[in-house]
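**Student:** sequence unavailable; structure follows:
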Ligand SMILES: O=c1ccn([C@@H]2O[C@H](COP(=O)(O)O)[C@@H](O)[C@H]2O)c(=O)[nH]1
């Protein structure tokens, strides 16, 4: 039985620093790397990333969409990426942003969080916009199998605000309601709960109160979307120690050379470690 995700993440971050590097095989990046835009090019790209990062950083985050775009061969590559990343010592965070009615959510949970599933990851991203309670099957199974869940709260894209910053009759934003529900799930967990949130590094001073979360904060938007290490301080304040800054394109553009990719990831990791 593995330890809870929050505990495993705390340990891995202490060893390797807080950076999460994304594997986002954009067609344009495959071309820039001199690869074909097909499943063979995808495989070469993704396994080069695993070789470069998985022995160095705390968390590797494959973006499922870019693998699914290549059909069943792409999904087979994703399975291999998850297995080989874990073997090299990084935690896997599958960015798949699932969200559905509870009965269907239970099937997604089996796919990504059940013991022995070929697509099981250490953690996944989910969307709470069918209601936080609809995520219960995933939250429950993750708890049973020592895995983690990162719930979208305030995303890095500007379009997210129209839904996420909407207020209810008490003046609470939708995003704050997500934060509060995640905090309730993490109450009492030591050293850190396994229910994390996604809060974009680009969102500025959001007014979100993250102080009671007791869980990890994934901060995408770092690098290619314009957020810098200094922005992380403005967005997260006192909760910075729980932040996992995530960067994909800004690191991946240094490929295909493994040493150059690794050096880019390590440089990014050092810049955020100094801040946190
Ligand atoms: O709010 C969110 C949630 C997820 N993402 C994902 O993170 C990466 C960002 O890639 P970059 O190349 O570093 O911009 C990508 O997979 C997104 O789907 C996000 O950007 N914002």
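**Tutor:** Looks like it came in fine. Everything quoted here is computed from the prediction, not taken from an experiment. Numbering: from 1, shown residues only.
**Student:** how about the residue of the stretch 1-150 of the chain found nearest the ligand, nearest residue that isn't a chain neighbour?
**Tutor:** Scanning the stretch 1-150 of the chain for the residue nearest the ligand gives residue 63, at 3.7 Å (criterion: CB to the nearest ligand atom). Where you see a C-beta, it was placed from the backbone N, CA and C, and this is true even at glycine. In space, and not counting its chain neighbours, residue 63 is closest to residue 24: 4.4 Å by CB to CB, 6 or more residues apart in numbering.
**Student:** does that neighbour touch residue 249 like I think?
**Tutor:** Yes. Under the criterion of CB atoms under 8 Å, residue 24 makes contact with residue 249 at 6.5 Å.
**Student:** quick one: which of those two has more around it?
**Tutor:** Between residue 24 and residue 249, counted using other CB atoms under 10 Å, residue 24 has the larger neighbour count: 22 against 14.
**Student:** now residue 264: phi and psi?
**Tutor:** As for residue 264, its main-chain torsions (degrees, to the nearest 10) stand at phi -60, psi -40.
**Student:** report the contact partners of it.
**Tutor:** Applying CB atoms under 8 Å, 6 or more residues apart in numbering, we find residue 264 in contact with 250-251, 254.
**Student:** tell me where the stretch 51-200 of the chain has helices.
**Tutor:** Here the stretch 51-200 of the chain has its helices, by DSSP state H, counting those that start in this stretch, at 64-68, 71-87, 102-113, 136-145, 161-164, 174-186.
**Student:** need those in a markdown table with mean pLDDT, can you?
**Tutor:** Formatted as a markdown table, the helices of the stretch 51-200 of the chain follow (pLDDT from 0 to 100):
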| stretch | mean pLDDT |
| --- | --- |
| helix 64-68 | 98 |
| helix 71-87 | 98 |
| helix 102-113 | 98 |
| helix 136-145 | 98 |
| helix 161-164 | 96 |
| helix 174-186 | 98 |
